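Enquirer: here are the coordinates; sequence isn't available:
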C-alpha cells in the first residue's frame, strides 16, 4: 500500500472517531453529571494509551521538549477546549450539529494554515478551485444536517 493511501485511511479513521468520541464522552458526562469529570477521564485514558505507545517506541525525543518553542504547547489547550466544549454542548445541541460546526471550523482553519504555511505547515495556496471545493464540502456537511 502506498504511504499516501495509508495516511488517507488513517486520517479517515481519525475522522470517523471524532463523532464517536463526542457521543461517548458527552454520554459519559451526562451519566456522571459532570462534563469536566468525563473530560478528565478521557484525558487520563488518553495519557495512559500514549504512555504505552511511548514506552514501546522509545522516548529519546522527550529530551528536546525543553528546547521546543513554548507556543507549540498551545495544542494541548486546544484539544482540552475541543473535548470540554463537545462534552458540554453535544448533549444539548446534538452530535451532528456539534460536529458540523467542528468540521466547518476545521475546513476554514486548515485552508488558512495551508495557504499561509502557518506553524511550519507546507504551503498550499488557496486557489479558486480549492476554495470552491472547500465550500462544496461545507455545503455538503450543512445539507446532511437539514433532515
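Expert: Thanks, I have it. Since the structure is predicted, the reported quantities are computational estimates derived from the model, not experimental observations.
Enquirer: Just give me the longest helix of this structure.
Expert: Using DSSP state H, we find that the single longest helix of the chain is helix 3-32.
Enquirer: Mind giving me the packing neighbours of it?
Expert: Here helix 3-32 touches helix 35-57, helix 74-93, helix 95-116, going by 3 or more CB pairs under 8 Å, 6 or more residues apart in numbering; DSSP states H and E. For glycine as for every other residue, the C-beta is placed from the backbone atoms N, C-alpha and C.
Enquirer: Tabulate the ones you listed (TSV), appending distance to residue 21.
Expert: Compiled in TSV, those are given as follows (distance: least, CB to CB, whole Å):
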stretch	distance to residue 21
helix 35-57	8
helix 74-93	8
helix 95-116	10
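Enquirer: Looking at the ones you listed, which is nearest to residue 7?
Expert: With CB to CB, the closest approach to residue 7 among the helices and strands packed on helix 3-32 belongs to helix 95-116: 15.0 Å.
Enquirer: So for that closest one, what gets flagged as buried?
Expert: 95, 98-100, 102-103, 107, 111, 113-115 (16 or more other CB atoms under 10 Å).
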